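A.B. asks: Sequence below, structure please.
(chains A and B)
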Protein chains: 2
Amino acid sequence: MKYSDDELVSGALSRDFRAIARFITRIEGGHAGARALASKLRRPAGRAHVIGVTGSPGAGKSTLVDHMARTFRAQGMEVAILAIDPSSPFSGGAILGDRIRMSLASEDRGVFIRSMATRGALGGLAKATLESVHVLDCAGFDVVIVETVGVGQAEVDIVRTADTCVVVLVPGMGDSVQIIKAGLMEIADVFVINKSDREGALALEKDLLTLLSLAEAVQGQWQPPIVKTVATSGEGVNDVVDAGKRHRAWLESSSQGRKRRVRVVSQTISALASDWIAQAALKGAEREVERLAEEVVSRKSTPLEAVEALVSWANKGK
Amino acid sequence: MKYSDDELVSGALSRDFRAIARFITRIEGGHAGARALASKLRRPAGRAHVIGVTGSPGAGKSTLVDHMARTFRAQGMEVAILAIDPSSPFSGGAILGDRIRMSLASEDRGVFIRSMATRGALGGLAKATLESVHVLDCAGFDVVIVETVGVGQAEVDIVRTADTCVVVLVPGMGDSVQIIKAGLMEIADVFVINKSDREGALALEKDLLTLLSLAEAVQGQWQPPIVKTVATSGEGVNDVVDAGKRHRAWLESSSQGRKRRVRVVSQTISALASDWIAQAALKGAEREVERLAEEVVSRKSTPLEAVEALVSWANKGK
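C.D. replies: Below you'll find the predicted structure:
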């Protein structure tokens, strides 16, 4: 079935899963009209609670997220899951991700699940994520869970735009130095120690507590709780959901929470505006880019000189 | 000692380690004059072989890179290592990274080692990395190894700008699905199975071979070799260095190799030009950004509306 623009908008607003899926496909593909279309959605009455979940590959994030979705559903809430997947040359990325995902939650027709991938440039996924979250928010989901595959800078940038950031760790996969190195201390609102029946769970918890105690205590600041889970059996998942709700209440009710939200939103809108501005400036530059790249490969110029030439090209276009 | 601009340029060109370190500090800090200064360096006669090394945290990348540096040194080459580190709230990031790094290579005064971190926006690290590589290239290093901490999209974007991408895996930390999910199949020129004396090394190699066989074979295309190492003892590191050299020879001598370089350079200069253009457009927007963010948090507008308003603000400034 082909949806007209109006059908996509009205379908999204009435929480029609197929219309929402099509909408996100357009966003993901960088479809020209998708942004304008997303803007057409009327402002939501109540905003969704956006929960970001990140952690090393293999930490059990998908299983945890599935159980979280089931818990929220059992409490009568509408839940959407966005799984952010780097693309691969073999699959078109998102399709593969959906196939691999043997999801508990997907058996429940009440949960919208979607993998997203982008082959594009820096910031592409962050933009597509924000636009998709906007669609899901307008569609009236109470909870939107954004799950990333890795723990790199781009993933951290995506997850930090959520209201609540959940960082999933497992015993034995990284010591405290690795946690610092991945930049996870800075963004975590809730720590989850998954596979906590494994050896090393206590040691990991102790490391975390030590690291948390090193952070400067600010009056009224949120103290990230550490929750232990065994996601495969669902153990502890209720506590993760509760911690998320407490964090959201703090964001909504305290002055420190409000400050944090303003800071996060500022970063998000700056990053996205940067992306849009650059895309507009470099529209139609493909041939010039290739010419400049040929010069660099032939050693007639350096990469930096090529960048400067391209910026000049964009400025002349104005 | 304080360096004048001219001293930084002449110091870098004469491979003065302290001058180079200062130069990179300016780049890292987004120092206003750093870009202009980097442009002042005269074009290098022979370009360095830039080798990117990525892989999961805990895969033993630092140890491998140290041994690679020693091997290149033993062959009479000048080597620089750039370790790309997300910053942390506790340390200023780069300083911590340098302290943690109990480097073999650092005992050898002939190897320049530098950690880099950026607290900035998307693309900040990619930009700083390219500028720093340019400085090291002009300084006459034969080999520049760029090592990342994580395997997220931003790290992949940084590493793919290298001439040769080395992807480090370890048995038991991720199966073939994880390799695909992290987008590593697409960028790897050389696969390293580190800690290959561990159980599961053969199974990992078999998985890799299966995945590689799924990729469409293109006449004259590079076939990524799989090299097994035990980095802590140095075993197999010679083979990694050899594979890197063979890959570079292929890049330089074959038409497919040249195509690949043009594609990579095109992506790099587009990403960096985008970043510069956006930075210029949003200069001085801090107050407007905060005002718009306050509106979003008060639910007077949505994040997407705020982004549109900010783009309009930037366009009016022209």
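
A.B. asks: Would you map out the domains in chain A?
C.D. replies: Using automatic domain parsing, the domain parsing of chain A gives A:1-41, A:43-273, A:282-316.

A.B. asks: of all those domains, which lies closest to chain B?
C.D. replies: domain A:43-273 (1.2 Å; Cβ to the nearest Cβ). The way it works is simple: take the backbone N, C-alpha and C, and place the C-beta from them, glycine included.

A.B. asks: average pLDDT across that closest one?
C.D. replies: Averaging pLDDT along domain A:43-273 gives 79.

A.B. asks: For that domain, what is the distance to the chain centroid?
C.D. replies: The chain centroid and the centroid of domain A:43-273 are separated by 7 Å under Cα atoms, centre = their mean, to the nearest Å.

A.B. asks: where do the helices sit along chain A?
C.D. replies: A:5-13, A:17-28, A:34-40, A:61-74, A:94-100, A:124-138, A:153-159, A:176-181, A:184-187, A:201-214, A:237-253, A:255-281, A:286-297, A:303-316 (DSSP state H).

A.B. asks: Present these as a markdown table; the columns should include distance to chain B and mean neighbour count.
C.D. replies: As requested, the helices of chain A are exported to a markdown table (distance: least, Cβ to the nearest Cβ, whole Å; neighbours: other Cβ atoms under 10 Å in any protein chain shown):
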| stretch | distance to chain B | mean neighbour count |
| --- | --- | --- |
| helix A:5-13 | 13 | 18 |
| helix A:17-28 | 11 | 20 |
| helix A:34-40 | 6 | 18 |
| helix A:61-74 | 10 | 23 |
| helix A:94-100 | 6 | 17 |
| helix A:124-138 | 5 | 24 |
| helix A:153-159 | 4 | 27 |
| helix A:176-181 | 5 | 21 |
| helix A:184-187 | 5 | 22 |
| helix A:201-214 | 6 | 15 |
| helix A:237-253 | 9 | 18 |
| helix A:255-281 | 3 | 20 |
| helix A:286-297 | 4 | 18 |
| helix A:303-316 | 4 | 19 |
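
A.B. asks: before we move on, back to that, so which of the domains of chain A gets nearest B:Thr210?
C.D. replies: domain A:43-273 (11.3 Å; Cβ to Cβ).

A.B. asks: on that earlier part again, need the helices of chain A in JSON lines (columns: distance to B:Phe17).
C.D. replies: Formatted as JSON lines, the helices of chain A follow (distance: least, Cβ to Cβ, whole Å):
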{"stretch": "helix A:5-13", "distance to B:Phe17": "58"}
{"stretch": "helix A:17-28", "distance to B:Phe17": "46"}
{"stretch": "helix A:34-40", "distance to B:Phe17": "48"}
{"stretch": "helix A:61-74", "distance to B:Phe17": "42"}
{"stretch": "helix A:94-100", "distance to B:Phe17": "45"}
{"stretch": "helix A:124-138", "distance to B:Phe17": "37"}
{"stretch": "helix A:153-159", "distance to B:Phe17": "27"}
{"stretch": "helix A:176-181", "distance to B:Phe17": "24"}
{"stretch": "helix A:184-187", "distance to B:Phe17": "31"}
{"stretch": "helix A:201-214", "distance to B:Phe17": "32"}
{"stretch": "helix A:237-253", "distance to B:Phe17": "46"}
{"stretch": "helix A:255-281", "distance to B:Phe17": "34"}
{"stretch": "helix A:286-297", "distance to B:Phe17": "27"}
{"stretch": "helix A:303-316", "distance to B:Phe17": "22"}
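
A.B. asks: Now do the contacts for the nearest residue to A:Ala281 once chain neighbours are set aside.
C.D. replies: Closest residue to A:Ala281 apart from its sequence neighbours, by Cβ to Cβ, 6 or more residues apart in numbering or on different chains: A:Ala314 at 4.2 Å. Neighbouring residues of A:Ala314 by Cβ atoms under 8 Å, 6 or more residues apart in numbering or on different chains: A:Ala281, A:Leu282, A:Ala285, B:Ala273, B:Ile277.

A.B. asks: Is it possible to get a markdown table of those residues that adds distance to A:Glu252?
C.D. replies: Output for these, formatted as a markdown table (distance: Cβ to Cβ, whole Å):
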| residue | distance to A:Glu252 |
| --- | --- |
| A:Ala281 | 38 |
| A:Leu282 | 40 |
| A:Ala285 | 44 |
| B:Ala273 | 40 |
| B:Ile277 | 37 |
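
A.B. asks: how near is the residue nearest to A:Ala281 to A:Lys195?
C.D. replies: Between A:Ala314 and A:Lys195 the computed distance is 49 Å (Cβ to Cβ, to the nearest Å).

A.B. asks: Check A:Arg258 too.
C.D. replies: 36 Å.

A.B. asks: Could you pull up the residues touching A:Val159?
C.D. replies: A:Gly52, A:Val53, A:Thr54, A:Val146, A:Thr148, A:Cys165, A:Ile187.

A.B. asks: what bridges to the first one?
C.D. replies: In this structure, A:Gly52 bridges to A:Val146, A:Cys165 when assessed by DSSP bridges.

A.B. asks: Isn't it up against A:Thr148?
C.D. replies: Yes: contact criterion Cβ atoms under 8 Å: A:Gly52 and A:Thr148 qualify, at 7.4 Å.

A.B. asks: tell me, what's touching those two both at once?
C.D. replies: By Cβ under 8 Å, 6+ apart, the residues touching both A:Gly52 and A:Thr148 are A:Ile158, A:Val159.

A.B. asks: tell me, how many neighbours does the residue nearest to A:Gly140 when sequence neighbours are not counted end up with?
C.D. replies: Distances taken as Cβ to Cβ, 6+ apart put A:Arg15 closest to A:Gly140, at 5.7 Å, once the chain neighbours are dropped. By the criterion of other Cβ atoms under 10 Å in any protein chain shown, A:Arg15 has 16 neighbours.

A.B. asks: Check the spacing between A:Arg15 and A:Leu282 real quick.
C.D. replies: Separation of A:Arg15 from A:Leu282 (Cβ to Cβ): 37 Å.

A.B. asks: try A:Phe23
C.D. replies: In terms of Cβ to Cβ, A:Phe23 sits 26 Å off from A:Leu282.

A.B. asks: Can you report how many residues neighbour the closest residue to A:Ile113 other than its chain neighbours?
C.D. replies: Closest residue to A:Ile113 apart from its sequence neighbours, by Cβ to Cβ, 6+ apart: A:Ile81 at 4.7 Å. A count of nearby residues for A:Ile81, using other Cβ under 10 Å, gives 27.
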